[in-house]
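> My questions are about this predicted structure, shown below with the sequence.
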Amino acid sequence: MTSVVERLRGDSPVFSVEFFPPRDEADETVLWRAIRELEAFDPAYVSITYGAGGSSRDRTIRTIGRVAQETTLVPMAHLTAVDHSVAELRNVIGWYAAVGVRNILAVRGDPPGDPNGEWVAHPEGLTYAEELVRLCRELGDFCVGVAAFPYGHPRSADLDEDTKYLVRKLRAGADFAIAQLFFEPDDFLRLRDRVAALGCDADILPGLMPLTTPRTLAKTVELSGAPMPDSFARRLNPYLDDPAGFRKEGIDVVTEVAERLLAEGVPCLHFYTFNRSKATREIVGRLGLVPARSV
Ligand code: FAD
């Protein structure tokens, strides 16, 4: 079974896509349409997120199992430590293996309810993603990824501390990291430089969201933890009341960010898709990241 790192080691750059598990049948139809539409574009891997405290556990396992068994795609399942004992985590990892998943994104997760609230570990659970990486490694031949934060994780005191712990979890056995959303390519490249400066050469993949609506822009501000820079405001604010104009400009902006990242040698662009495929297909098509027959 192909691992994510194997897909990153090709001769040319690739892209990957992230989905969340469907909540109902209608969601499921939308998700599977997106998965099938993207399958022809040959993404390096497809990841499915994991709801805090196991709220989506069964749906994540079922969806990633279907990806593993019914598609040609390389599946990666997310896993969080929120509200789980180590025994429960072992059980979920066992399920992942049972449905054919060999790639896990090991993230700590946020407190359910209020993501900025106090983090309280399960009494028989884990406190940091680093420990989850070790657990995955201990339990099997998994390829493991971790999360990285271009502006620093909100709970980190400063960027030096943030980088130190990121490198620790990579050295605990992670094969690569995926970055949270950011705006300017340099914001991501500085993160990559900080990690390299500590002597760590693991691949760090930039996370990108197609900016198709003002809502996706607001989500980028929220998730990145950084205010929108003037360079983005100048280009996107004129279109806040013009959906078609916003979509066109937003896709141009993200394509330009991606072009710069590819020129800087990133091996893979990771797309947060909101379970839709059209904008991602447009961007990767423009970047020439897909087999010629698919465009
Ligand atoms: P950690 O690496 O454990 O870090 C948490 C904080 O503790 C940081 O401030 C870090 O600097 C600090 N720290 C780390 N190690 C130590 C240590 N040894 N000693 C002291 N301090 C330490 N959330 C979900 O609920 N489900 C998902 O599917 C999901 N997928 C994600 C995918 C990506 C690509 C990203 C970027 C995030 C995702 N998240 C997901 C969100 C993530 O769970 C939260 O951002 C969470 O707050 C941090 O997780 P982490 O794995 O980075 O935690």
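Arrived safely.
> Strands of the chain, start to end?
14-19, 46-48, 75-80, 103-107, 143-148, 176-179, 203-205, 207-208, 268-272 (DSSP state E).
> Please work out which of the ones you listed is packed deepest.
strand 103-107 (a mean of 28; mean count of other CB atoms under 10 Å). Using the backbone N, CA and C atoms, a C-beta is placed for each residue, glycine as well.
> Distance to Arg36 and mean pLDDT added to the strands of the chain, as JSON lines?
Shown next, in JSON lines, are these (distance: least, CB to CB, whole Å; pLDDT from 0 to 100):
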{"stretch": "strand 14-19", "distance to Arg36": "12", "mean pLDDT": "98"}
{"stretch": "strand 46-48", "distance to Arg36": "11", "mean pLDDT": "98"}
{"stretch": "strand 75-80", "distance to Arg36": "15", "mean pLDDT": "98"}
{"stretch": "strand 103-107", "distance to Arg36": "20", "mean pLDDT": "98"}
{"stretch": "strand 143-148", "distance to Arg36": "24", "mean pLDDT": "98"}
{"stretch": "strand 176-179", "distance to Arg36": "23", "mean pLDDT": "98"}
{"stretch": "strand 203-205", "distance to Arg36": "24", "mean pLDDT": "98"}
{"stretch": "strand 207-208", "distance to Arg36": "22", "mean pLDDT": "98"}
{"stretch": "strand 268-272", "distance to Arg36": "16", "mean pLDDT": "98"}
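> Mind putting the ones you listed into TSV with distance to the ligand?
Below are those laid out as TSV (distance: least, CB to the nearest ligand atom, whole Å):
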stretch	distance to the ligand
strand 14-19	7
strand 46-48	8
strand 75-80	3
strand 103-107	4
strand 143-148	3
strand 176-179	4
strand 203-205	8
strand 207-208	6
strand 268-272	7
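> quick one, which of these is nearest to Leu166?
Comparison of these against Leu166 by CB to CB identifies strand 143-148 as nearest, at 5.4 Å.
> residues in contact with the closest one?
Residues from elsewhere that reach strand 143-148 (CB atoms under 8 Å, 6 or more residues apart in numbering): 3-5, 76, 102-107, 129, 133, 136-137, 166, 169-170, 173-180, 191, 195, 204.
> quick one, what contacts Asp24?
The contact partners of Asp24, taken as CB under 8 Å, 6+ apart, number zero.
> what's the closest of the strands of the chain to Val257?
Of all the strands of the chain, strand 207-208 comes closest under CB to CB, at 6.8 Å.
> Sketch out the low-pLDDT regions of the stretch 151-295 of the chain for me.
292-295 (pLDDT under 70).
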